[in-house]
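Q: quick one: sequence plus predicted model below, questions after.
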Amino acid sequence: MRERQHLEKSISAIRSIESELEDHVGLIELGEEENDEAIVTEAEEALKELHADLGRRQVAALLSGEADSSDCYVEVHAGAGGTESQDWAQMLLRMYIRWAEQNGYKVETQYTNPGEEAGIKGASILVKGENAFGWLKTESGVHRLVRISPYDSNARRHTSFSSVWVYPVIDDNVDIDIQDKDIRIDTYRSSGAGGQHVNTTDSAVRITHLPTGIVVTSSEKSQHQNRANAMSALRSRLYDMEMKKRQESIQAEHDSKSEIGWGHQIRSYVLQPYQMVKDLRTGVENSSPDNVLDGDLNGFMEAALAHQVDGSDGKEVTDID
């Protein structure tokens, strides 16, 4: 039913665009016949607006998946490499927070696990707003940073990895059966940077789903709220797992065309010896890493969404050093 409604809406939108296009072209022809520059100018401006509207509708069409309209969780985890990769994980977390703020989304921190010297070992945020999951879902994967390490006294070039996982917040009406026997709930003292705001009670909550091994954590609220947040995150993770199972045949077809998949490297951020951010799935590049790390991600997201629909862009994308 939902697919049929979406199809009918798309057909209606196409017919509306065709009608508007014919009207504007007709006005231009009329203006040229009557040497009325005002009519021609007005129709040309309307055509420009129609072109811009087509771009907006194209993006909207890419955000028509089952859970695309939902809020979502974004988890960032540092890879091996100690302080360097933990600093990179914090840079990624900031990048997504900046992107969300710039695009009108609200962000709530679910938990943060600080690194020993700098950065974070892991963190989770909740991004709230229309199509949050639709936009962010293509960010799941491994992100690589190449730079001269500020933590290396010999100023050598380092390569660091961090992983990102995005999954949707599911509607309360979606039935996800979680039995008490299948979960283990642990409470512990939240870690922090020190000082008067460090938790002195075991308010942080970790829930482990035994059949799947999924672990979710919340440590920013009271124990009661942390438990509710963790259960919500667990339901979302299980729902996300079920969605992926349904799409296995489609994903298998896509994977046969590209080596990029969950858990694989999706983007490289090179700061030295040259500056370049390159998406390894689509080939999209940006020569201003500072802007990207400050939240300029829409170009990458739009290309990745289109790539998901196409399955392949027909080009072989190679890695960059």
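A: Thanks, I have it. What you see is a predicted model, and the numbers here were worked out from it, not measured in a lab. Numbers count the residues shown, from 1 in each chain.
Q: my guess is Glu108 contacts Lys128. True?
A: Yes. Using C-beta atoms under 8 Å, Glu108 makes contact with Lys128 at a distance of 7.0 Å. (Each C-beta comes from the backbone N, C-alpha and C, glycine too.)
Q: shaky segments in the stretch 51-200 of the chain?
A: For the stretch 51-200 of the chain, the stretches flagged by pLDDT under 70 are 52-53, 55-60, 171-175, 191-200.
Q: can you classify Gly283 by secondary structure?
A: Recorded secondary structure, Gly283: coil (DSSP: H, G, I helix; E, B strand; the rest coil).
Q: and the gap between it and Ser268?
A: Between Gly283 and Ser268 the computed distance is 12 Å (C-beta to C-beta, to the nearest Å).
Q: quick one: the strands in this protein?
A: 72-78, 106-114, 120-128, 141-148, 157-168, 183-188, 204-209, 214-218, 265-270, 276-279, 285-286 (DSSP state E).
Q: just name the most buried of these.
A: strand 72-78 (a mean of 24; mean count of other C-beta atoms under 10 Å).
Q: other residues contacting that one?
A: Applying C-beta atoms under 8 Å, 6 or more residues apart in numbering, the contact partners of strand 72-78 are 85-86, 88-89, 92-93, 96, 110, 115, 119-127, 132-133, 136-137, 139, 162-169, 233, 236.
Q: compute the inter-axis angle for that strand and strand 120-128.
A: Relative orientation of strand 72-78 versus strand 120-128 (axes from the mean of the first three to the mean of the last three C-alpha atoms, to 10 degrees): 170 degrees.
Q: ok, strand 72-78: who's next to it in the sheet?
A: With DSSP bridges as the test, strand 72-78 is paired with strand 120-128 (antiparallel), strand 157-168 (antiparallel).
Q: just the angle for the last one relative to strand 141-148, thanks.
A: Angle, strand 157-168 to strand 141-148, by the same axes, to 10 degrees: 150 degrees.
Q: please enumerate the helices of the chain.
A: 2-33, 37-62, 83-102, 132-136, 223-246, 248-257, 289-293, 298-310 (DSSP state H).
Q: what's the most buried one of the ones you listed?
A: Of the helices of the chain, helix 132-136 is the most buried (mean count of other C-beta under 10 Å), at a mean of 25.
Q: quick one on the thing from earlier: can you tell which of the helices of the chain is closest to Arg144?
A: The closest of the helices of the chain to Arg144 is helix 83-102. By C-beta to C-beta, the value is 8.7 Å.
Q: got the contact list for that closest one?
A: Helix 83-102 has contacts (C-beta under 8 Å, 6+ apart) with 74, 76-79, 106-107, 115-123, 125, 127, 129, 132, 136, 139, 143, 145, 149-152, 158, 160-162, 164, 292-297.
Q: likewise for stretch 103-122?
A: Contacts for stretch 103-122 (C-beta under 8 Å, 6+ apart): 73, 75-78, 82-83, 85-91, 93, 97, 100-101, 123-129, 132, 135, 151, 190-193, 204, 217-220, 229, 233, 298.
Q: that one: end-to-end distance?
A: 24 Å (C-alpha to C-alpha, to the nearest Å).
Q: dump the residue contacts of the residue most central in space within the chain.
A: With distances taken as C-alpha atoms, centre = their mean, Leu136 lies nearest the centre of the chain, 1.8 Å away. Leu136 makes contact with Cys72, Val74, Tyr96, Val127, Val166, Met301, according to C-beta under 8 Å, 6+ apart.
Q: Thr212 now?
A: Per C-beta under 8 Å, 6+ apart, neighbours of Thr212: Leu238, Met241.
Q: give me the phi and psi for the residue of the chain most remote from its centre.
A: Relative to the centre of the chain, and counting by C-alpha atoms, centre = their mean, the farthest-placed residue is Glu34 at 51.8 Å. When quoted as degrees, to the nearest 10, the phi and psi of Glu34 stand at phi -100, psi 10.
Q: how close does it sit to Leu27?
A: From Glu34 over to Leu27 the distance is 11 Å, taken as C-beta to C-beta.
Q: over to Leu21?
A: Distance, Leu21 to Leu27, using C-beta to C-beta: 11 Å.
Q: next: Val40.
A: With C-beta to C-beta as the criterion, Val40 and Leu27 are 8 Å apart.
Q: returning to what we had before: redo the contacts of Leu136 as a markdown table? Include distance to Lys278.
A: As requested, the contacts of Leu136 are arranged in a markdown table below (distance: C-beta to C-beta, whole Å):
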| residue | distance to Lys278 |
| --- | --- |
| Cys72 | 25 |
| Val74 | 21 |
| Tyr96 | 19 |
| Val127 | 24 |
| Val166 | 20 |
| Met301 | 15 |
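Q: understood, closing this out.
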